[in-house]
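Participant: Build me a model:
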Amino acid sequence: SVVAGMVAAESDSAYTVRTLTDTVVVAKSDIKNKSVLPQSMMPENLLLALKANEVIDLIAYLATPTQIPLPGEIPVYNPATKSITGALEAEKLKVLSKTGGKADPQGMASFTKGKWSALAQLWWIDAKPGQKLNLQLPVKKTGKYKVFIAMTKARDYGIVQHYINNKKIGPPIDLYAYPNVLHSGPVLLGTIDLPAGNHTFTVEIVGSNKKAIKRHMYGLDYIYLTDTSLLTQPASTTTPTPSKKNPKKPTSKKPTQPNLKPASKPITLFDGKSFKGWEGPKQFFRIENGAIVGGNLKKRIPKNQFLATLKSYNNFELKLKVKLIGKGCNSGIQFRSVRIPNHHEMIGYQADAGKGWWGKLYDESRRNRVLAGPDPKKLAAVLKPNDWNNYIIRCEGNRVRLYLNGLLTVDFTEPDPKIKPTGKIAVQIHSGPPSEAHFKDISITPLK
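Facilitator: So this is what the prediction gives:
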């Protein structure tokens, strides 16, 4: 298999790679060859949406020696403090109990084949298979968390299983390494819902590698929790629970024009045979079997391309069918968007389409990030890969809702009053490998 992404961290035994849709840890022993991609994975012309002072700030930030991780990202080592910013240092965690062995802090400054946070770890020794170590895991805020940990690997370390509140999280991990003592780098155990308060993080010795010295040691460097709800939680759509001091239900920013009604019958935007009412690069778009087709299956798409309506729309319900063909095909439907002058890119909301992207709301060439997205399990139940999928985009004031094959995937309320709630509709074929995006049965119903 091939993993394409950015190397976010490297230890002596593994790479942590951030792909377009996930973060994975790849053991160096599993890598047959590696190479640098000839083209950046980042969208083109990101700077066009920034002001001059914002570009200067961005370049200054990128030039700094450390990076502050965003919510949901992996832990980042800060060489200035020689620690992971925001990590729960294992040697400082409270040991609740253990069924065998000894657990004490151990300094790691003398080990040079890795970077241990705060130059220390919690070292559990003299344990046997089946025995457990229980640590107190403090959580400040209720949320859905990605759980990262970092451990030590050596010739006399064992195979371990982790638990949170007596439930397994992640697979068994073999900590054997030879000949050096190594740092595992950040390892993602999984995602779990955790209420605020103290929880129990458990390590169980389950065995050892055939080549290992059977001492079954375990070293935990840190635990790192990232609140994934900060990435996908729609801004301004929740209602806080009332308290005794404030019996009324305080609400955050509400939709400005909820539940609008149709102003007319549905209007056909594409007649199935011509580009009447549309503008864009015809060399990348064609009409085939009553559908708009972007891209091709023979040549790589060099840049993002958009076919846009001549008219702009404010409050509306847009309906269309979308089908993607080709490995790695990525596409989307722009709305409330505008073209960047004398450029191929557009700025505005996008109802995304593609593996790992279906049903998400992306902010193209503006904030350049996913604003909200669906529950993966619910999406998988309705998605039709390599077939026609029904998309509905409903815009009412500052509220945006996306539906895919009848499933509500996004209910987002725009918190920024400076963003204009109007613009063009457009279909996209994303830069990338040979692929095709098909669009048909496109109609719009104005709302009032």
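Participant: Can you pull out the low-pLDDT segments for the chain?
Facilitator: By pLDDT under 70, the weakly predicted segments of the chain are 1, 9-13, 19-24, 38-46, 48-50, 57, 60-73, 229-258.
Participant: if you set the cut-off to 80 instead, what comes out?
Facilitator: 1-27, 29-30, 36-74, 76, 228-259 (pLDDT under 80).
Participant: which residue ranges form the helices in the stretch 1-150 of the chain?
Facilitator: Here the stretch 1-150 of the chain has its helices, by DSSP state H, counting those that start in this stretch, at 52-62.
Participant: quick one: Glu188 and Tyr222, what's the gap?
Facilitator: No Glu there; residue 188 is Leu. Remark: distance between Leu188 and Tyr222 (Cβ to Cβ, to the nearest Å) = 13 Å. Using the backbone N, CA and C atoms, a C-beta is placed for each residue, glycine as well.
Participant: same question, Pro129
Facilitator: 25 Å.
Participant: Touching, Tyr163 and Leu189? I think so.
Facilitator: No: Tyr163 lies out of contact with Leu189 (Cβ atoms under 8 Å); the separation is 9.8 Å.
Participant: follow-up on the earlier one: so for Pro129 and Tyr222, which sits in the more crowded spot?
Facilitator: Higher neighbour count among Pro129 and Tyr222: Tyr222, with 26 against 14, using other Cβ atoms under 10 Å.
Participant: Who's the closest spatial neighbour of the more buried one, skipping the chain neighbours?
Facilitator: Distances taken as Cβ to Cβ, 6 or more residues apart in numbering place Ala87 nearest to Tyr222, at 3.9 Å, with adjacent residues excluded.
Participant: What is the burial count for the one you found?
Facilitator: When neighbours are counted by other Cβ under 10 Å, Ala87 comes out with 21.
Participant: tell me the contacts of it?
Facilitator: 75, 117, 222-224 (Cβ atoms under 8 Å, 6 or more residues apart in numbering).
Participant: what are the ranges of the strands in the stretch 1-150 of the chain?
Facilitator: For the stretch 1-150 of the chain, the strands defined by DSSP state E, counting those that start in this stretch cover 6-10, 14-18, 23-27, 77-78, 83-84, 88-89, 95-98, 102-107, 120-125, 132-139, 143-153.
Participant: Skip ahead from the last one and say which helix or strand is next.
Facilitator: Past strand 143-153, heading to the C-terminal end, the next element that is a helix or strand (DSSP states H and E) is strand 159-164.
Participant: related to what we said a few turns ago, which neighbours do Tyr163 and Leu189 share?
Facilitator: Ile169.
Participant: where's Lys321 relative to Gly348, distance?
Facilitator: From Lys321 to Gly348 the distance is 21 Å (Cβ to Cβ).
Participant: same thing with Val36?
Facilitator: Val36 is 32 Å from Gly348, by Cβ to Cβ.
Participant: quick one: contacts of stretch 223-230?
Facilitator: Counting by Cβ under 8 Å, 6+ apart, 69, 71-75, 84, 86-88, 90, 93, 137, 139, 141, 143-150, 186, 191, 194, 201 sit against stretch 223-230.
Participant: Among the residues you listed, name the buried ones.
Facilitator: 69, 72-75, 84, 87-88, 90, 93, 137, 139, 143-150, 186, 194, 201 (16 or more other Cβ atoms under 10 Å).
Participant: Surely Pro374 touches Lys360?
Facilitator: Yes: contact criterion Cβ under 8 Å: Pro374 and Lys360 qualify, at 7.1 Å.
Participant: Mind listing the shared neighbours of those two?
Facilitator: 409-410.
Participant: one step back: who has more neighbours, Val36 and Gly348?
Facilitator: Gly348 (22 against 4).
Participant: how near is the more buried one to Gly423?
Facilitator: 5 Å.
Participant: what residues are shared contacts of the two?
Facilitator: 334-338.
Participant: closest to Ile59 out of the strands of the stretch 1-150 of the chain?
Facilitator: Of all the strands of the stretch 1-150 of the chain, strand 6-10 sits nearest to Ile59, with 18.2 Å by Cβ to Cβ.
Participant: Thr200 touches Leu133, doesn't it?
Facilitator: No: if you go by Cβ under 8 Å, Thr200 and Leu133 don't touch, sitting 10.5 Å apart.
Participant: The two: which is more packed in?
Facilitator: For Thr200 versus Leu133, the count of surrounding residues by other Cβ under 10 Å is larger for Leu133: 23 against 14.
Participant: Dig out what that one forms beta bridges with.
Facilitator: Lys98, Val203 (DSSP bridges).
Participant: Alright, calling it a day.
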